[in-house]
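J.: Okay, here's the prediction I keep looking at, along with the sequence it came from:
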Amino acid sequence: MSLVILLLLTVLGVSSFQTTAVQFRMARSVDDINLAFQSAEAALLDGEENVEGSGYVGGNGYYQKVDSGQVPNWASIDWEINSNSIAGTTGIEGVAEPARYIIEYVRQVKAAEDSLNLANINEEIGTGGTSIYRVTARGSGFGEGRAVVMVQSHYGRRE
């Protein structure tokens with residue numbers, strides 16, 4: 001009888017250990033995804049600052065928007081090749097590698113004299129326009145099988 005009870009206690013102990021191990025892996029995975037997201041967000045902000053500072057300059061990490069129906073630049077480039085993208089300057093501790101981003105020139109939007117929106121109330125619209133860019137950032141987590149997160153934003157730079 002005591003051997004049967006000992007066997008039941010052993011089975012319960014092993015089961016409890018396995019459940020704890022699975023929960024630990026799930027928590028680590030959530031941490032990995034959060035770090036990858038934070039890294040991608042930081043690179044996205046770096047890309048927006050890059051656009052605000054220089055606009056579209058062409059070259060590595062700068063692309064023209066592709067036509068609809070074609071594979072977008074962010075999906076077709078090899079993110080592992082450094083010349084295809086720009087490394088983010090804001091570092092996030094704990095990630096395996098710095099996040100990277102690309103900038104795509106979308107189009108130029110000209111201001112109409114009678115346009116009204118919250119951004120130009122009581123302002124002189126002028127004759128310039130706004131250049132629209134799409135910034136795509138890719139961040140990764142830590143360790144083996146790390147998470148990869150991509151985020152995008154559209155950014156307007158007043159010319």
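T.: Thanks, I have it. Because the structure is predicted, anything quoted here is derived from the model rather than measured.
J.: only C-alpha atoms for contact and neighbour calcs from this point on.
T.: Will do.
J.: Please state the offset of the longest helix along the chain from the chain centre?
T.: Under DSSP state H, the helix in the chain containing the largest number of residues is helix 2-54. Relative to the centre of its chain, helix 2-54 is centred 19 Å away, using CA atoms, centre = their mean, to the nearest Å.
J.: ok, now stretch 135-144?
T.: In terms of CA atoms, centre = their mean, the gap separating the centre of stretch 135-144 from the centre of its chain is 7 Å.
J.: Repeat that for stretch 129-144.
T.: The chain centroid and the centroid of stretch 129-144 are separated by 5 Å, computed with CA atoms, centre = their mean.
J.: Return the set of buried residues in it.
T.: 129, 131-142 (16 or more other CA atoms under 10 Å).
J.: Next: stretch 22-38.
T.: Applying a neighbour-count criterion of 16+ other CA under 10 Å, one finds 29, 32-38 buried in stretch 22-38.
J.: Max pairwise distance over those residues: which two?
T.: For the buried residues of stretch 22-38, the farthest-apart pair by CA to CA is Ser29 and Gln38; their separation is 14.3 Å.
J.: Which of the buried residues of stretch 22-38 sits closest to Gly13?
T.: Among the buried residues of stretch 22-38, Ser29 lies closest to Gly13 (CA to CA), at 24.5 Å.
J.: If we ignore the residues flanking it in sequence, what's nearest the closest one?
T.: Counting by CA to CA, 6 or more residues apart in numbering, the nearest residue to Ser29 once its immediate chain neighbours are dropped is Ala147, at 7.8 Å.
J.: From Ala36, how far off is the one you found?
T.: Applying CA to CA, to the nearest Å, one obtains 6 Å for the distance of Ala147 from Ala36.
J.: Assign Gly150 to helix, strand or coil.
T.: One correction, residue 150 is Met, not Gly. When classified by DSSP: H, G, I helix; E, B strand; the rest coil, Met150 comes out as strand.
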